[in-house]
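**Student:** Below is the sequence, then the predicted model.
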Amino acid sequence: MTIPVAAYQNTPWPEPDNVSSDGRRQRSSRSRRQIIEAVFDLLKAGDLSPSAAAVAKQAEVGLRTVFRHFEDMDSIYNEMAEQAFEAIKPKIEVPLEAQTWREQLMEILDKRADIFETVFPMQICMHIRRFKSDFLQAQHERDLALFEQSLRAVLPDIILNDPPLLAALDVALGFPTWQRLRQDQGLTVDQAKDAIAVILKALIKDIQDD
């Protein structure tokens, strides 16, 4: 499986904080970041299960350095997932600007498209690995809960009280749908957003506003 590098954005992590006066701590932090970003870059290049040796080469550090900072590859993925979550959480929680719930639903679509594009290759890898990792499975469930919470916050009671309709909207706005459109069907970001907008509008067209 090959994921075109140019199709997705850069790493989701913000620039590191360099205000610390502890030089060793800064070097350690930079090394950990280099390793994390090396894994992400390898995932972007299509290697969904990079070896420690490949990570060390990509990060331009020795193999011993990788395992000085991380116990094993699983611990790298765990930290990647945690850091990515902390980076995208503010994007999920930022207040919506649209006034009506219908407009807010489309605004959520725009936000999720941005988030999914940022973490696309990592999300695919984590989906594969979560079935063997309690940590990644818990992370996955936390992500789902946060996304569902943000969706529920904008929807009227008539939809919240209709479990099948609510579930359909949640699925339409989920990462598996985005992956299917972007990777399997080869749509551009705008085309994928338009396709999901068609689904959302079809699902809510018969909902009467108060």
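**Tutor:** Looks like it arrived, so ask away. Residues are numbered from 1 along each chain as shown.
**Student:** can you list the domains in the chain?
**Tutor:** 5-69, 73-204 (automatic domain parsing).
**Student:** Between its first and last residues, what's the separation in the longest one?
**Tutor:** Using CA to CA, to the nearest Å, the span of domain 73-204 from its first residue to its last is 44 Å.
**Student:** Could you tell me how far it lies from the centre of the chain?
**Tutor:** Here the centre of domain 73-204 is set off from its chain's centre by 8 Å, with CA atoms, centre = their mean, to the nearest Å.
**Student:** for this protein, which helix is longest?
**Tutor:** helix 101-129 (DSSP state H).
**Student:** The next helix or strand after it packs against which elements?
**Tutor:** Elements were assigned by DSSP states H and E; along the chain past helix 101-129, the next helix or strand is helix 134-152. Secondary-structure packing of helix 134-152 (3 or more CB pairs under 8 Å, 6 or more residues apart in numbering; DSSP states H and E): helix 73-93, helix 101-129, helix 163-172. For the C-beta atoms, the positions are set from N, CA and C on the backbone; glycine is no exception.
**Student:** out of these, which comes closest to residue 182?
**Tutor:** When those are compared by CB to CB, helix 101-129 sits nearest residue 182, at 7.3 Å.
**Student:** now the angle between helix 163-172 and the closest one, please.
**Tutor:** Per axes from the mean of the first three to the mean of the last three CA atoms, to 10 degrees, the angle that helix 101-129 makes with helix 163-172 is 70 degrees.
**Student:** tell me which strands and helices helix 101-129 is in contact with?
**Tutor:** Partner elements for helix 101-129 (3+ CB pairs under 8 Å, 6+ apart): helix 23-44, helix 73-93, helix 134-152, helix 175-179, helix 189-204.
**Student:** any idea of the mean pLDDT for the third one?
**Tutor:** Yep, that's helix 134-152 we're talking about. Here helix 134-152 scores 89 as its mean pLDDT.
**Student:** begin at 6 from here
**Tutor:** Will do, 6 is the new start, and the previous item becomes helix 139-157.
**Student:** So for that helix, what gets flagged as buried?
**Tutor:** 140-141, 144-145, 148, 152-153, 155-156 (16 or more other CB atoms under 10 Å).
**Student:** circling back: measure how the longest helix of the chain sits relative to helix 28-49, angle-wise.
**Tutor:** Using the same axes, to 10 degrees: helix 106-134 against helix 28-49 is 90 degrees.
**Student:** any weak-confidence spans in the protein?
**Tutor:** 6-33, 215 (pLDDT under 70).
**Student:** how close does the most centrally placed residue in it sit to residue 207?
**Tutor:** Centroid-nearest residue in the chain: residue 124, 3.9 Å away (criterion: CA atoms, centre = their mean). Applying CB to CB, to the nearest Å, the value for residue 124 to residue 207 is 27 Å.
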